[in-house]
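Asks: Take this sequence and fold it.
(4 chains)
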Protein chains: 4
Amino acid sequence: MKFSVSGALSYQVKSAATFILNIHALRTPDQSVLKETFTVDPHSNSEELVAQTENRFVRFEVTESAYVNVNYHAVIDTSYKQTAGHLLTDVPVMQMDNTVIPYFFPSRYCQSDKLFRFAHNKFGKIDNAFEKVCALTDWIHDNVEYLSGSTTSQTSAYDTVTEQAGVCRDFAHLGIALCRALDIPARYFTGYAYQLNPPDFHACFEAFMGGQWVIFDATKLVPLNGLVKIATGRDAAEAAIASIFGDVTSTFISASCQLAADSFEPIYYDSNNPIGLTYL
Amino acid sequence: MKFSVSGALSYQVKSAATFILNIHALRTPDQSVLKETFTVDPHSNSEELVAQTENRFVRFEVTESAYVNVNYHAVIDTSYKQTAGHLLTDVPVMQMDNTVIPYFFPSRYCQSDKLFRFAHNKFGKIDNAFEKVCALTDWIHDNVEYLSGSTTSQTSAYDTVTEQAGVCRDFAHLGIALCRALDIPARYFTGYAYQLNPPDFHACFEAFMGGQWVIFDATKLVPLNGLVKIATGRDAAEAAIASIFGDVTSTFISASCQLAADSFEPIYYDSNNPIGLTYL
Amino acid sequence: MKFSVSGALSYQVKSAATFILNIHALRTPDQSVLKETFTVDPHSNSEELVAQTENRFVRFEVTESAYVNVNYHAVIDTSYKQTAGHLLTDVPVMQMDNTVIPYFFPSRYCQSDKLFRFAHNKFGKIDNAFEKVCALTDWIHDNVEYLSGSTTSQTSAYDTVTEQAGVCRDFAHLGIALCRALDIPARYFTGYAYQLNPPDFHACFEAFMGGQWVIFDATKLVPLNGLVKIATGRDAAEAAIASIFGDVTSTFISASCQLAADSFEPIYYDSNNPIGLTYL
Amino acid sequence: MKFSVSGALSYQVKSAATFILNIHALRTPDQSVLKETFTVDPHSNSEELVAQTENRFVRFEVTESAYVNVNYHAVIDTSYKQTAGHLLTDVPVMQMDNTVIPYFFPSRYCQSDKLFRFAHNKFGKIDNAFEKVCALTDWIHDNVEYLSGSTTSQTSAYDTVTEQAGVCRDFAHLGIALCRALDIPARYFTGYAYQLNPPDFHACFEAFMGGQWVIFDATKLVPLNGLVKIATGRDAAEAAIASIFGDVTSTFISASCQLAADSFEPIYYDSNNPIGLTYL
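Replies: Purely as a prediction, here's the structure:
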């Protein structure tokens, strides 16, 4: 499926500052970057850094006070794999790949160690991993109110589980924390999302089951097959859209994702027809 | 310098369980493992996993209820590098190596994002990175009481900065969080420590300056040249001695580090003669 | 109903210290103190203070290092009132008595302001106040594990709602916080409790409905008609068994409550026969 | 000293709602209310409630959706007492009046129990109570940034001590918590404040020493002799300007305090001439 995506960020830079942005679409077996432009205005040489997680960071410097505009445009071709839910079972820790293990552990915004009893009391009796994560995703959707401006960059899953309001980032963090509390590895996913309204960067999460990373989105705001992956990471601390060093104020941020193909059949998970979706 | 180290861990396993232990000494340019034995009794096949961080995890399974004893013995040859403090300056973010960048960001036990003003108010005016981290290390040492049993596995830097009591793990987390709040990458270090009294596994931290990872220990309990590195990581969530999946009770844990050489000149940092110490 | 109660507390006092204890049974219209002795050994003059809440504090000083034993024995005659659940409805704020209003507001261990959405999502649709508080009491009982030693004196309702383990104090704090989040005034209750096993001081809570303070106990460990009231307060900060000023270690604490009458019909709330119980 | 004060509050009431406002000036031996008007528009009968703390709450109901304006105007005559700092010493707990004791204990926004070591490490060695509280007030002033909008109604002293930004309410809560951690009773004070810029309701705190409640203000934004007392309480939970039950949005809030006398000599504490100020 082809999508045309773009991201625009504006900043008021008050003195020399360094930016590390993470808005480039990933290159993966299931995701090709067909065309891509990235500009910083006024011009600054930028450098791409590929992290151990394969996330594509771009780094540049602004050497004096300025109003800076960043633009990214790309055409992306994505595919995905569908797997019947009953095959998406827990992977025994003994068979877990080395690269998956870090996603068992608690992180800044996903304090799974504090949610152990909560997760087990609520979801511990469900046997199948896919069903279990669908159930916790449904619980988040039904109990947490999507409310712009209700949270800050310091809000974590431990807050959200009780305060029950937040944005996509908070929904994702809570999903991840509950998975990890249930010994299911889980990671944060940022991307461009087709049919997200209002358009913005989106966040959701992936959980590891049946040998693969299956996508989940507790906001249920977008079809799961309309995502363009930017990054994965332990949580928003590792996959932030922008990490900025210096005295800088963000003045504008937007993202969009348009269909660049003829037709699109939206996929949402359906408990009557349990099928998980994986982006390699 | 040669050290003979050992670790012993005992568990009551109540039903099938999987262990991921991280007690093996690292192999690095500055640290050779001359001899090494690792046993699980009753016998279980164990497998070594080398993480992206190069930490040497060992994984094994216990398939039924049992009392399990784990023993590790090794002879390690370590060296280190000393660098004059005035050369240990901040590395500009633009020149920061890709692999260092993750250590800028907050993690489960090191919520640097919440300590920004505190760190800047207290240490922001110190120019040289080595002096700055020595100052914050001194502050932790002077204000936080080393008190066994005062904290739990959920205690984080955000707690310790105010509650001001803890053990080596808490001292390390607070040091790391303060560094990151000051835009100095920092990571958790676990190891065997010569002259630690009472003997135990030890934790301290490394901060990145002058192009290298310099060791710091806010507990000031051991000489900095008597350390044998087991692991580094974002914090204790990524470099835990033991991660256990199953119904298991820890019944015993001990570690020791003996000098296997003739002489040892202990090194502690000295503000009159500022020299930093790096283990490659 | 007559009960014979006693409390015993021992302390190692390391230097001059002042104690404020709150272990005396309250004198109320429904509770007569028939006989009472209070001793401090070695002898210290103690003074009774009656707080605005009518709690009976006793204050004394120990002027030098000593091992101190405190004993309280009393025979208490209690009665209570039973009211049909359907009469126990919300009291409009406009009709709320002045003395009840403080129990609407959040306190140290009962952060009702952070539980608003949680409480409303779970219990907001229940109309009758008695049913609503029975439902939240049941939820606490079913989800929070009674686990000695799992919490500390700093644990609050905000922790317990997620961590889901605690002792009677934690059960009470969570009950109070959920009531207040639902605009039902609620207060902490400490007392001696018949049939509590093992014997100890007990804590539960009262909620205001139908014009009276109705007793609730989410631990469900004791019959509600076997309580001897010591104190009520916003939370354990205001109704602590002991507040100590000085360098003192608590070495022993026990409490007991024996029936001093012929027969006792235990009362627990029963959803098939909803009747609330009030101690004036 | 005569002041003319006024408070104006506007609300969008979406359905029937009850208000408890606390904006009336207290009547005390040192504070006379010479003239006073209070109006609710559209008209609603309001009722004054005098709390155990003697705070003057006013309660009224709005029975249907409406835009509601509340206005309070008063002329107040205040006096105060000045006491030399060296007389403002710790009151032994044995001599502490019954009504003062509740202000030793932690409350919702003043978790003194978590600040014990911090307070003792920083201020424990200062002997005189007035000097001690001046020192902690200075520390707050020097380290916490006054920053409108940086905190919410959930922010507490435990946050502020580390995050080091806030408004008058946060400065007061931190001052109170540090006092209580040092076994000095302390309480929240709300009032009208002369020369506050921009004009608003103000919050500061009182600490108990030398047998009286001495006023302190860590913001240092206003002269201490220009205050008109509205309420005192454990913290903002007990002395909120407005407690609202119902679906209501606050649309406007303002307060002012004008001098209604010829001259005014501003008093701020001065370490060279230590004198404490008490409003009876």
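Asks: what's the weakest-modelled helix or strand in chain A?
Replies: Using mean pLDDT, DSSP states H and E, the weakest-scoring helix or strand in chain A turns out to be strand A:46-50, at a mean of 88.
Asks: Note down every partner strand of that strand and its orientation.
Replies: strand A:56-62 (antiparallel) (DSSP bridges).
Asks: touching chain D at all, stretch A:137-146?
Replies: No. Taking CB under 8 Å from any CB of the partner chain as the criterion, stretch A:137-146 and chain D are apart, separated by no less than 14.8 Å. Backbone N, C-alpha and C define where each C-beta goes, glycine included.
Asks: Tell me the buried residues in that stretch?
Replies: Neighbour counts over stretch A:137-146 (16 or more other CB atoms under 10 Å in any protein chain shown) mark A:Thr137, A:Trp139, A:Ile140, A:His141, A:Asn143, A:Val144, A:Tyr146 as buried.
Asks: what's next to the least confident helix or strand of chain A, contact-wise?
Replies: A:Ile20, A:His24, A:Phe38, A:Val40, A:Arg56, A:Phe57, A:Val58, A:Arg59, A:Phe60, B:Asn98, B:Ile101 (CB atoms under 8 Å, 6 or more residues apart in numbering or on different chains).
Asks: list the contacts for the closest residue to the first one other than its chain neighbours?
Replies: Across the structure, with CB to CB, 6 or more residues apart in numbering or on different chains as the measure, the residue nearest A:Ile20 apart from its sequence neighbours is A:Ser243 (4.4 Å). The contact partners of A:Ser243, taken as CB under 8 Å, 6+ apart, are A:Phe19, A:Ile20, A:Leu21, A:Asn22, B:Phe104, B:Phe105.
Asks: how about a cut-off of 10 Å?
Replies: A:Ser243 makes contacts with A:Thr18, A:Phe19, A:Ile20, A:Leu21, A:Asn22, A:Phe57, A:Arg59, A:Ala237, B:Val93, B:Ile101, B:Phe104, B:Phe105, as judged by CB atoms under 10 Å, 6 or more residues apart in numbering or on different chains.
Asks: Could you report the neighbour count for the fifth one?
Replies: Residue crowding around A:Asn22 was assessed by other CB atoms under 10 Å in any protein chain shown; the count is 22.
Asks: Just list the residues touching it, thanks.
Replies: Contacts for A:Asn22 were tallied using CB under 10 Å, 6+ apart; they are A:49, A:51, A:55-58, A:190, A:201, A:230-231, A:233, A:238-243.
Asks: Just the buried residues out of these, in PyMOL syntax.
Replies: Selection command for PyMOL covering only the buried members of those, criterion 16+ other CB under 10 Å:
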select buried, chain A and resi 49+51+55+56+57+58+190+201+230+231+233+238+239+240+241+243
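Asks: Show me the contacts of A:Asn22 that map onto strands.
Replies: Of the contacts of A:Asn22, the ones assigned to strands by DSSP state E are A:Leu49, A:Arg56, A:Phe57, A:Val58, A:Thr190, A:Phe201, A:Ile230, A:Ala231, A:Gly233, A:Ala242, A:Ser243.
Asks: roughly how far apart are the closest residue to the first one other than its chain neighbours and A:Ser256?
Replies: What that stands for is A:Leu49. Counting by CB to CB, 6+ apart, A:Leu49 lies nearest to A:Phe57, which is 4.3 Å off, once chain neighbours are set aside. Relative to A:Ser256, A:Phe57 is positioned 21 Å away (CB to CB, to the nearest Å).
Asks: Which two among the contacts of strand A:46-50 are spaced furthest apart?
Replies: Taking CB to CB as the measure, these span a maximum distance of 19.8 Å, between A:Val40 and B:Asn98.
Asks: Specify which residue of these two has the higher count of neighbours.
Replies: Taking neighbours as other CB under 10 Å, A:Val40 and B:Asn98 compare with A:Val40 leading, 19 against 12.
Asks: mind listing what that one touches?
Replies: Counting by CB under 10 Å, 6+ apart, A:Val40 touches A:Leu9, A:Phe19, A:Leu21, A:Ser46, A:Val58, A:Phe60, A:Glu61, A:Val62, A:Val68, A:Asn69, A:Val70, A:Asn71.
Asks: most surrounded residue in these?
Replies: If you count neighbours using other CB under 10 Å, the busiest of those is A:Phe19, which has 26 neighbours.
Asks: Is it in a helix, a strand, or coil?
Replies: Counting by DSSP: H, G, I helix; E, B strand; the rest coil, the backbone at A:Phe19 sits in strand.
Asks: who does it bridge with?
Replies: Under the criterion used here (DSSP bridges), A:Phe19 is bridged to A:Phe60, A:Ile244.
Asks: Give me the pLDDT for the residue nearest in space to the middle of chain A.
Replies: Ranked by distance to the mean C-alpha position of chain A (CA atoms, centre = their mean), the top residue is A:Phe189 at 2.0 Å. For A:Phe189, the pLDDT comes out at 98.
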